[in-house]
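A.B. asks: A structural model of the following input is requested.
(chains A and B)
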Amino acid sequence: MSNSNEKASQIVEGKHADNERLKLESDYLRGTIVDDLSDNMTGGFTPDNYQLIRTHGMYQQDDRDIRAERQKQKLEPLHNVMLRARMPGGIITPKQWLAIDKFSHDKTSYGSIRLTTRQTFQFHGVLKPNIKLMHQTLNEYGIDSIATAGDVNRNVLCTSNPVESELHAEAYEWAKKISEHLLPKTRAYAEIWLDGEKIEGGTEEGDVEPILGKSYLPRKFKTTVVIPPQNDIDVHANDLNFVAISDGGKLVGFNVLVGGGLAMTHGDKSTYPRKADDFGFVTLANTLAVAAAVVTTQRDWGNRVNRKNAKTKYTLDRVGVDVFKAEVEKRAEITFEESRPYEFTFRGDRFGWVEGIDSKHHLTLFIENGRLLDYPEKALKTGVAKIAEIHKGDFRMTANQNLIVAGVAEQDKAEIEKIAREHGLINDSHSIQRKNSMACVAFPTCPLAMAEAERYIPKLVDDVEAILTKNGLAEEAIILRVTGCPNGCGRAMLAEIGLVGKGPGKYNMYLGSNLGGTRIPKLYKENLGEQDILTEIDQLSARWAADRNKDEAFGDFVIRAGIVSEVKISMRDFHDD
Amino acid sequence: MPQEQLTLQQNLNPTSSALDANQLALLQQATSSYSSLQLAWASGYLAAKSESGPSTVLSPVSAPVVAKTLTILYASQTGNAKGVAKQLEQSASAAGITVKLTNVSDYKAKSLKSETHVLIIASTNGEGEPPDDAIEFHEFLLGKKAPKLPNLSYSVLALGDSSYEFFCQTGKDFDERLKALGAKQITPRVDCDVDYDSDSESLTLSIVESLKEELTQQETGLASVTSLGQVDLATAGAESIYNKQNPLNAEFILSQKITGRDSEKDVRHIEIDLGESGLTYQAGDALGVYFENDSALVAELISVLKLTGEEKVKIKIDGANQVFTLTDALTTQLEITQTPPSFVEFWAKISGNNELAAIAADKNTAREYAGEHQIIDVLEAAPTEIDPQFFIEALRKITPRLYSIASAQAEVEEEVHLTVGLVSYEKDGKTRFGGASHYLADGLEESQSVRVFVEHNDNFRLPTDSNTPVIMIGPGTGVAPFRAFMQQREADEASGDNWMFFGDQTFTQDFLYQVEWQNYLKSGLLTRMDVAFSRDQAEKIYVQDRLKEQAKEVFAWLERGAHLYICGDMSRMAKDVEAALIEIISEQGQLSSEDAEQYLKDLRSNKRYQKDVY
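C.D. replies: Prediction:
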């Protein structure tokens, strides 16, 4: 047992942030959400519930494009919710797909399905009267959205590797198990959205949260299961990562990486993107215990006074990696073994058909920005639905916002490819650069967005393609990511060129991550306009073309050439001039 | 002027007045609660008392009804009939006739037996029913208990709108019934259409002429005006030099669309500046707006007629001919966006078009056709050439449109706000607009002038006691006067509860003044609000459904004295709401439906149930 004085010293003293009050008072995430649902004077939620619905997988948003217009019209903002489903590992069946396809068509303002960097789908623009219907529809098809946002453990990611099907199947099972193990145990979700019966006898007796606790976590918490050498899920963007270690194609255990995270706040040097630290290897038998121990240590030691420093990465830097690790070992009653060797070499998806070791075929479709919508010239969303109607395998949503039609028998390949081509889901003209580019949603729905991202990147990529071609780099690509704010959804802080929104049309430019995603980039220039960005990329890529070593990636080049210095330890180097 | 009165009162003291201390105390006590307007009236009353010599008893001024008094009864919904009645009263008095002017709601129908000469001025509601004030009188007169009236001479002046099926129906009912009861018609009934000014003038003259000799009696005393209730006092005091005949050139401020971009409706919030005019209004009043026709429509119309627009035409204004170019006449003087059924008949004759003639032959089809076609549509259906003067004489004069005022001066001071639904529809691929709403919505730039006047509506007033709760039912643009009510209640720091019912098509696009209602709820001024959006779910939900859902509470509010107001669409909404109210009262009060109807009638006669429907 630990010395209680020592333990107390790991806790940040002071007045707790207001979010702590509302979680504690929420009666296990219920709040007064039910009252808000019957308030038909507004499409929104009251401030506390605005936060609480996140733990049920929803964000209140509004159409920011018409916010000012509606203010003049004496109408409130066009409040709606975005829902992020809980889909550990991103696997969805054709039957489930057809259900979400229909709901998004009938009941969302945008009529789209979005595949997101959290390896799941999102509905955008659901009005209050349809929220319960949405949850009930999903529930009917075995989908929920519990804890996909808010101060809880969110949707657990898992590498989309259909080729090594057996290893993937094992890893995926662990992703599901970890997700279930760390899920809130409160019945609030079922009560509020599914008309589940309220537990009698008060909540103290009725609800127990052995892992998360009554105040839940100090901040959001993200977990992954990754199968090297692929790092599609970007371990360093996550609090807790299980790196699959196999022996002869069989999973034997995991290296545990703790404390990654990309979010920061402009102008606040106490915040920074940070890589995860490797704690060592654990066997499968100890996996759930370690997961719970990391979460409870962060639950107890995480900063509940200042939300900007509340994530696991700051706890590690504050108490020391060794101290944190020792606490996890104590709580899990294990000792980490020495980390097993592994290497990350790439992060992108393998587009097109691949054949798995089980002789099934898998088609990875590039979905620009993850946005499935019927465009006038290409009915992408209809295309996927048509595939779902005949497909006998399943779909895999990737952490790069793409979609895999997985488990296709040889004789079905042709028909699926035909549908995909007819609907613009396979487009041979998509450049390698486009496939290495990513953006978050940002305007018009995200309340945090400071600048455009998803609506900006298609044109940006056109321009970058032209620049690369001009500089003799037509066959090359740079990992390019745009995110509308420094919160990190677009993972720009693991890009070779990362653009982070600062204000309308203004971005900070970061340079220098690597292909494996194991290096945090460094600020290169601030407040660049769109034209400045192109000028910089032109000059930088021209230098790269002229001076690069053989096969040297852009991110490695900018560091070797001294264009930016390398970030080795984020706390020390990231803000260092 | 009211200011002076107040000063006068304060200066009264025993040393400077003719009253002893006791009398003075009584006077001060009696007048302490008077508003400045009431004081103004009282001073006039006392002056009249002193002129009529030493009187010992303070009794109402109604002198014993002498034979050969002309009793003028008016039944007004928006105030038009009342205005005409006042005009008649003045002309008759000027001619030396003894006149008694009374609102029918204040008149005991049985007294008709003892009358010799009665003049009835009655407006008609849209579906042919009498205005609220006249419901009981109408019911009595047309019922079995009505007495024979062999000694009565009468005339009826009916006000209406010929675009409705039951044009001037209430006036017709009175006329036919009085005849049947044995009364003698002095002059034939006159049915006045919306542009009634000239008709009523000629009628005034002819009636006054035919009555003059019979009724003029040198010895008769003052004409008594008996409809001076408290509310009338206020409006009488607030009368302005600006009126329908002499509108104010006010300054247009803005037209702001207040339905969302995906709404099927285009509703505008209009603001107009009355400036230093001194024109005042009360919550519940309407604003009369003179409009100009859209220049594009006028040009199109002229081109269909194969004319240039430069042709000179004569139009009679205030009895004198004035000359206009055809373009100006069609823009500023003549109605071209509403078609009277008579125009269909006229154009059928002129054009010799058989189809049009067939339509015109039947009154009902002619009326329906006129309701769906603007003048230009009729012309295009049967194009032909015509003399411009002959053409314009077939058109009605442009009449101002009345809009319920959506603001209270306590809040907006010299501004006046309206809530205007832009009337538009597609006709053969062309968009046709309502004349006045299009003018207000899109025809005016900021600081351009717009001709307006205030139409007082004493039949739509907040309770005088600010502790009295109110229930407001105002879907669609019917929301307008309730925005004014809330502003007034806020300014008055009224402690009475307020309950608003609003409805429209969709929550996201059509929730008129949503943010303001939210704020009133937040501040607590608005006690509760129930909304119904008909298209947000599979089954249609309307305000009457919300009322029924809240039946128990609604009835409880009525039982504790709440005033009930309805504003908006008459033909469907108001009827359905009224049916719902009767159902609620019957169910909650355990009354038969007849008794529930009576309950509502009693509310109406106690001025606790008021409607502003159109």
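A.B. asks: Count the residues that sit near the residue of the stretch 1-150 of chain B found nearest chain A.
C.D. replies: Closest to chain A within the stretch 1-150 of chain B is residue B:78: 27.2 Å, counting by CB to the nearest CB. To be clear about C-beta, it is placed using only N, CA and C from the backbone, and glycine gets the same treatment. As a burial measure, residue B:78 scores 22 neighbours (other CB atoms under 10 Å in any protein chain shown).
A.B. asks: Same check on residue B:540?
C.D. replies: Around residue B:540 there are 12 residues (other CB under 10 Å).
A.B. asks: Now do the contacts for it.
C.D. replies: residue B:534 (CB atoms under 8 Å, 6 or more residues apart in numbering or on different chains).
A.B. asks: My assumption is that it lies in a helix; please confirm.
C.D. replies: No - Residue B:540: not assigned to a helix; according to DSSP: H, G, I helix; E, B strand; the rest coil it is coil.
A.B. asks: Per-residue pLDDT of the closest residue to residue A:475 other than its chain neighbours, please?
C.D. replies: Distance criterion CB to CB, 6 or more residues apart in numbering or on different chains; nearest residue to residue A:475, sequence neighbours excluded, is residue A:432 at 7.2 Å. The score at residue A:432 is 93. That number is its pLDDT.
A.B. asks: ok, the closest residue to chain B within the stretch 301-450 of chain A to residue A:79 distance?
C.D. replies: When scored by CB to the nearest CB, the stretch 301-450 of chain A has residue A:444 as its residue closest to chain B, at 13.2 Å. The gap separating residue A:444 from residue A:79 is 13 Å, by CB to CB, to the nearest Å.
A.B. asks: so what's the residue of the stretch 151-300 of chain B found nearest chain A up against?
C.D. replies: Closest residue of the stretch 151-300 of chain B to chain A, CB to the nearest CB: residue B:258 (4.9 Å). Neighbouring residues of residue B:258 by CB under 8 Å, 6+ apart: A:73, A:74, A:75, B:267, B:268, B:269, B:419, B:512, B:513.
A.B. asks: List phi and psi for it.
C.D. replies: Backbone torsions of residue B:258, given as degrees, to the nearest 10, read phi -120, psi 10.
A.B. asks: Distance of residue A:470 relative to residue B:293?
C.D. replies: Distance of residue A:470 to residue B:293, computed by CB to CB: 61 Å.
A.B. asks: what does residue A:518 give?
C.D. replies: According to CB to CB, residue A:518 stands 74 Å off from residue B:293.
A.B. asks: residues in contact with the residue nearest to the spatial centre of chain A?
C.D. replies: Centroid-nearest residue in chain A: residue A:118, 3.0 Å away (criterion: CA atoms, centre = their mean). Counting by CB under 8 Å, 6+ apart, residue A:118 touches A:84, A:148, A:154, A:155, A:157, A:399.
A.B. asks: per-residue confidence at it?
C.D. replies: pLDDT for residue A:118: 94.
A.B. asks: and what of residue B:215?
C.D. replies: pLDDT at residue B:215 comes out at 73.
A.B. asks: Helix or strand: which one has residue B:604?
C.D. replies: Using DSSP states H and E, residue B:604 falls within helix B:593-605.
A.B. asks: Just the CA atoms of that helix, as PDB, please.
C.D. replies: Taking Å, rounded to 0.1, in the frame of the first residue of the first chain, the C-alpha atoms of helix B:593-605 are listed here in PDB:
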ATOM      1  CA  SER B 593     -71.800  23.100 -24.300                       C
ATOM      2  CA  GLU B 594     -74.500  25.700 -24.300                       C
ATOM      3  CA  ASP B 595     -73.500  26.800 -20.800                       C
ATOM      4  CA  ALA B 596     -69.800  26.800 -21.900                       C
ATOM      5  CA  GLU B 597     -70.700  29.000 -24.800                       C
ATOM      6  CA  GLN B 598     -72.500  31.300 -22.400                       C
ATOM      7  CA  TYR B 599     -69.500  31.300 -20.200                       C
ATOM      8  CA  LEU B 600     -67.400  32.600 -23.100                       C
ATOM      9  CA  LYS B 601     -70.100  35.100 -24.100                       C
ATOM     10  CA  ASP B 602     -70.100  36.500 -20.600                       C
ATOM     11  CA  LEU B 603     -66.300  36.800 -20.800                       C
ATOM     12  CA  ARG B 604     -66.800  38.700 -24.000                       C
ATOM     13  CA  SER B 605     -69.400  41.000 -22.600                       C
END
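A.B. asks: So which bits of that helix are buried?
C.D. replies: B:596, B:597, B:599, B:600, B:603, B:604 (16 or more other CB atoms under 10 Å in any protein chain shown).
A.B. asks: Of all the residues in the stretch 301-450 of chain B, which one is nearest chain A?
C.D. replies: Nearest residue of the stretch 301-450 of chain B to chain A (CB to the nearest CB) works out as residue B:419 at 10.5 Å.
A.B. asks: element containing that residue?
C.D. replies: Going by DSSP H and E, residue B:419 is in strand B:415-421.
A.B. asks: same check, this time on residue A:50
C.D. replies: helix A:47-52.
A.B. asks: following that helix, which helix or strand comes up?
C.D. replies: strand A:58-62.
A.B. asks: what's next to that following strand, contact-wise?
C.D. replies: Contacts of strand A:58-62 (CB under 8 Å, 6+ apart): A:44-45, A:50, A:53, A:77-84, A:124-125, A:131, A:145, A:149, A:445-447.
A.B. asks: Show me those that map onto helices.
C.D. replies: Counting by DSSP state H, the part of the contacts of strand A:58-62 found in helices is A:50, A:131.
A.B. asks: Filter the contacts of strand A:58-62 down to the buried ones, ChimeraX style.
C.D. replies: Buried members of the contacts of strand A:58-62, defined by 16+ other CB under 10 Å, are picked up in ChimeraX with:
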select /A:44,45,50,53,77,78,79,80,81,82,83,84,124,125,131,145,149,445,446
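A.B. asks: Filter the contacts of strand A:58-62 down to just the ones in strands.
C.D. replies: Using DSSP state E, A:79, A:80, A:81, A:82, A:83, A:84, A:124, A:125 are the members of the contacts of strand A:58-62 that sit in strands.
A.B. asks: Okay, residue A:317 and residue A:574: tell me how far apart.
C.D. replies: 11 Å.
A.B. asks: cool, residue A:467 as well?
C.D. replies: 28 Å.
A.B. asks: ok, the closest residue to residue A:370 other than its chain neighbours - how many residues close by?
C.D. replies: Closest residue to residue A:370 apart from its sequence neighbours, by CB to CB, 6+ apart: residue A:401 at 2.9 Å. Number of residues near residue A:401 (other CB under 10 Å) recorded here: 25.
A.B. asks: So residue A:401 sits against residue A:115, correct?
C.D. replies: Yes - under the criterion of CB atoms under 8 Å, residue A:401 makes contact with residue A:115 at 4.7 Å.
A.B. asks: Tell me the residues that contact both of those two, please.
C.D. replies: Common neighbours of residue A:401 and residue A:115 (CB under 8 Å, 6+ apart) are A:367, A:370.
A.B. asks: ok, whatever helix or strand residue B:313 lives in: who's next to it in the sheet?
C.D. replies: Taking DSSP H and E as the criterion, residue B:313 maps to strand B:312-317. Counting by DSSP bridges, the strands paired with strand B:312-317 are strand B:320-325 (antiparallel).
A.B. asks: buried set for the strand it pairs with?
C.D. replies: residue B:324.
A.B. asks: same question for that strand, mean pLDDT?
C.D. replies: 94.
A.B. asks: swap in stretch B:406-419?
C.D. replies: For stretch B:406-419, mean pLDDT rounds to 97.
A.B. asks: Need the residues that contact it.
C.D. replies: B:250, B:253, B:258, B:267-277, B:280-283, B:287, B:289, B:403-405, B:440, B:452, B:477, B:479-481, B:483-485, B:487-488, B:490-492, B:512-513.
A.B. asks: try it again with 7 Å
C.D. replies: B:253, B:267, B:269-275, B:280-281, B:283, B:287, B:403, B:405, B:477, B:479-481, B:483-484, B:487-488, B:491, B:512 (CB atoms under 7 Å, 6 or more residues apart in numbering or on different chains).
A.B. asks: The residues you listed in strands, which ones?
C.D. replies: B:253, B:267, B:269, B:270, B:271, B:272, B:273, B:287, B:403.
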